[in-house]
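Student: no sequence on this one, just coordinates:
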């Protein structure tokens with residue numbers, strides 16, 4: 001089995017992923033992902049596997065809502081952070097596992113829903129991504145939900161315009177490859193340039209879930225265009241402007257001509 005590349009492991013050892021959704025445009029991503037998941041998930045106390053759950057931001061939120069949540073992530077540091085954050089919680093995460101999304105040590109038909117909130121964009125080979133989806137299907141009960149996050153093929157190009165990165169030839173080279181084949185490599189190790197990843201076109205993400213055998217597959221954009229605003233923090237602090245960004249993202253989430261403008265995508269489907 002292919003192991004996570006060294007640069008991905010190293011990135012999450014150095015980068016404070018546990019704080020990302022509490023700052024900047026991550027706040028819009030978090031609010032919209034919560035909204036999307038609420039509309040998809042069965043009611044509590046359904047059993048959810050949060051694969052690629054990191055420090056447990058979504059797992060903690062779901063456990064507090066009454067779900068039985070089992071967190072799996074490849075980063076021992078982030079799993080330890082999730083444990084630390086859940087110590088003493090009134091409704092804690094049910095279990096924590098350092099593991100590989102392609103080989104879940106869970107029994108067949110174990111879960112009502114599986115969240116795949118990172119592995120599909122950290123595996124650059126489609127065969128590996130299909131193994132992740134096959135494992136999600138295996139551990140799902142019949143009729144169970146899979147919700148899988150992707151990064152838009154166009155995210156780095158749009159972020160480059162917003163952040164004025166055209167003067168950096170290294171960024172331009174990364175952006176051009178992202179647009180050409182979706183494979184994102186960051187030889188510079190610049191933390192703002194992310195790490196090894198695969199960036200999906202919305203239709204390709206949909207196809208991957210369909211190829212894995214899921215039914216009723218849909219793909220929606222998470223943030224809409226709001227994440228691109230250079231004065232994002234000021235807008236987010238203004239309740240009316242914050243609500244407007246969320247409302248526009250919601251209105252455009254399924255519009256085919258706009259889905260890829262979001263930095264993040266969520267695909268969902270059902271096990272037959």
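Tutor: Arrived safely, thanks for sending. Bear in mind that the values here come from a model prediction, so they are computed numbers and not experimental data.
Student: all helices of this protein, in order?
Tutor: With DSSP state H as the criterion, the chain has helices at 6-14, 17-20, 26-40, 57-64, 76-86, 119-122, 126-139, 155-163, 169-181, 202-211, 232-237, 239-252.
Student: Flag every buried residue along stretch 185-193.
Tutor: Buried residues in stretch 185-193, counting neighbours by 16 or more other C-beta atoms under 10 Å, are found at 185-186, 193. Placement of C-beta: from N, CA and C, glycine included.
Student: Show residues contacting that stretch.
Tutor: 7, 11, 14-15, 163, 170-171, 174, 177, 194-196 (C-beta atoms under 8 Å, 6 or more residues apart in numbering).
Student: Most neighbours among those, which one?
Tutor: Counting neighbours by other C-beta atoms under 10 Å, the top entry in these is residue 174, with 23 neighbours.
Student: Quick one: residues contacting it.
Tutor: Per C-beta under 8 Å, 6+ apart, neighbours of residue 174: 156, 184-186, 193.
Student: Let me have these in CSV, extended by distance to residue 86 and pLDDT.
Tutor: As requested, the contacts of residue 174 are exported to CSV (distance: C-beta to C-beta, whole Å; pLDDT from 0 to 100):
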residue, distance to residue 86, pLDDT
156, 33, 97
184, 32, 96
185, 34, 94
186, 31, 93
193, 32, 93
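Student: out of the residues you listed, which one sits closest to residue 149?
Tutor: Within these, the smallest distance to residue 149 is 14.9 Å, found for residue 184 (C-beta to C-beta).
Student: Test my guess that the closest one contacts residue 196.
Tutor: Yes. Assessed by C-beta atoms under 8 Å, residue 184 is found in contact with residue 196 at 6.8 Å.
Student: Common neighbours of the two, please.
Tutor: Joint contacts of residue 184 and residue 196 (C-beta under 8 Å, 6+ apart) do not exist.
Student: Name all residues that make contact with residue 271.
Tutor: 137, 140-144, 146, 213-215.
Student: just residue 92 next, same as before
Tutor: With C-beta under 8 Å, 6+ apart, residue 92 has these contacts: 63, 86.
Student: mind checking the end-to-end distance for stretch 229-245?
Tutor: 10 Å (C-alpha to C-alpha, to the nearest Å).
Student: mind listing what's buried in that stretch?
Tutor: 229, 232, 235-236, 241-242, 245.
Student: about what we covered before: using JSON lines, lay out the contacts of residue 174 together with distance to residue 257.
Tutor: Putting those into JSON lines (distance: C-beta to C-beta, whole Å) gives the following:
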{"residue": "156", "distance to residue 257": "20"}
{"residue": "184", "distance to residue 257": "24"}
{"residue": "185", "distance to residue 257": "29"}
{"residue": "186", "distance to residue 257": "29"}
{"residue": "193", "distance to residue 257": "28"}
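Student: Out of those residues, flag the one nearest to residue 117.
Tutor: Using C-beta to C-beta, the contacts of residue 174 come closest to residue 117 at residue 184, 17.5 Å.
Student: so residue 267 touches residue 207, yeah?
Tutor: No. Here residue 267 lies out of contact with residue 207, judged by C-beta under 8 Å, at a distance of 9.7 Å.
Student: buried stuff in stretch 73-91?
Tutor: 73-75, 77-79, 81-82, 85-86, 91.
Student: no no, stretch 130-141
Tutor: Of the residues in stretch 130-141, those buried (16+ other C-beta under 10 Å) are 130-133, 135-140.
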